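# I would like to see how this sequence folds:
(one chain, ligands or ions: 1)
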Amino acid sequence: MEYDTAKNTIEGWMNDTDLLWLFDAAKEMENVVEIGSWKGRSTHALLSGCKGTVYAVDHFLGSSNEPEAHAEAKARDISQDFMKNVGSFKNLKVLKMGSADAVKQFEDNSVDMVFIDAGHTYEEVLNDIKLWLPKTKKIICGHDRRHPPVKKALRKMFGEEWKGNDGRRSNIWIKNIKTRRHSELDSESTAGGSNVDSRLRGNDEIKNTIDLSHNKKYGNIEVLLLYVFS
Ligand SMILES: C[S@@+](CC[C@H](N)C(=O)[O-])C[C@H]1O[C@@H](n2cnc3c(N)ncnc32)[C@H](O)[C@@H]1O
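I've put the predicted structure just below:
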């Protein structure tokens, strides 16, 4: 199934390149969480692609640092526009709340794909990545990769180990994640495979996140998350 971007007439900030990437990526996922949905433009592409549940997380109050772009949210309830636009999708679950509250509803390592497009200050982007990375199994990604505060947060979390979606007009940043069982990891390192420990030591932020998710759900030894830097 293909996605016809011309049929997505919902107001928002995604261009066709971004919509197509979201649709294609979501096709491969069993579930998706979007942080920052507004009127549902990006959500529509995710819902159209994903066969499983798409969770839309938004307090619908607008972003703190974008008073002009989100001025409408002061005057009326944007969640009504959102529901009008995408409320008919059967695979939609709306979490009308802040990102920090919504994240508490998810087990670690339980979401295939997380798409971050909420607050765009350095602190907000960094915080959202830190909150949602432990929940993510396959891809954590977000919008506005050329926006300096977003780039700064990405550098802080991942160094240069992230990529953009293809195309000159692409705005999405992507960080692929792979999960392996501890036993697989053991056999790799015995065979002289990837040097997991030194990779993880290279980035304390990521290591901390891994330690955190690891402790919460799996205890200390059963599973180790391996972040493959593509
Ligand atoms: C740039 S808009 C999202 C645009 C949307 N993805 C699209 O395709 O048009 C950002 C959204 O994030 C929401 N938002 C900002 N900070 C948030 C937070 N901490 N938790 C939940 N939603 C937040 C705002 O209410 C706003 O709807």
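
# Tell me where the model's unsure across the protein.
The chain contains residues with pLDDT under 70 at 179-230.

# 80 instead?
For the chain, the stretches flagged by pLDDT under 80 are 1, 64-70, 167-168, 178-230.

# show me where it has strands.
For the chain, the strands defined by DSSP state E cover 31-35, 53-57, 92-95, 111-116, 136-142, 163-164, 173-176, 178-181, 223-226.

# For those strands, please prepare JSON lines with the additional fields mean neighbour count and distance to the ligand.
In short, each C-beta sits where N, CA and C put it, glycine included. As requested, those are arranged in JSON lines below (neighbours: other Cβ atoms under 10 Å; distance: least, Cβ to the nearest ligand atom, whole Å):
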{"stretch": "strand 31-35", "mean neighbour count": "25", "distance to the ligand": "6"}
{"stretch": "strand 53-57", "mean neighbour count": "24", "distance to the ligand": "6"}
{"stretch": "strand 92-95", "mean neighbour count": "18", "distance to the ligand": "9"}
{"stretch": "strand 111-116", "mean neighbour count": "25", "distance to the ligand": "8"}
{"stretch": "strand 136-142", "mean neighbour count": "22", "distance to the ligand": "10"}
{"stretch": "strand 163-164", "mean neighbour count": "15", "distance to the ligand": "17"}
{"stretch": "strand 173-176", "mean neighbour count": "20", "distance to the ligand": "14"}
{"stretch": "strand 178-181", "mean neighbour count": "14", "distance to the ligand": "26"}
{"stretch": "strand 223-226", "mean neighbour count": "21", "distance to the ligand": "25"}
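
# Find the nearest non-adjacent residue to the closest residue to the ligand within the chain, please.
Here the chain gets closest to the ligand at one residue, G12, 2.4 Å apart by Cβ to the nearest ligand atom. Excluding the flanking residues, the one nearest G12 by Cβ to Cβ, 6 or more residues apart in numbering is R41, at 2.8 Å.

# L61 too?
In space, L61 comes closest to A73 once its chain neighbours are excluded; the distance is 5.5 Å by Cβ to Cβ, 6+ apart.

# Roughly how far does the one you found sit from K156?
Using Cβ to Cβ, to the nearest Å, we find A73 at a distance of 29 Å from K156.

# ok, now E2?
37 Å.

# Specify which residue of those two has the higher count of neighbours.
In terms of neighbours (other Cβ atoms under 10 Å), K156 is the more surrounded of E2 and K156; the figures are 15 against 8.

# got the domain boundaries for this protein?
Listed domain ranges for the chain are 5-176, 179-226 (source: automatic domain parsing).

# Contact residues of the chain facing the ligand?
Among all residues of the chain, those adjacent to the ligand (criterion: Cβ under 6 Å from any ligand atom) are 12-14, 36-38, 41-42, 57-63, 98-99, 117-119.

# So among those residues, which ones count as buried?
Restricting these to buried positions leaves 12, 14, 36-38, 41-42, 57-60, 62-63, 99, 117-119, with burial counted as 16 or more other Cβ atoms under 10 Å.

# so who does the residue nearest to I78 when sequence neighbours are not counted touch?
When the adjacent residues along the chain are set aside, I78 lies closest to F60, with 4.4 Å between them (Cβ to Cβ, 6+ apart). Counting by Cβ atoms under 8 Å, 6 or more residues apart in numbering, F60 touches 38, 73, 77-79, 82, 96.

# so of the residues you listed, which ones are in helices?
Within the contacts of F60, membership in helices is found for 73, 78-79, 82, as judged by DSSP state H.
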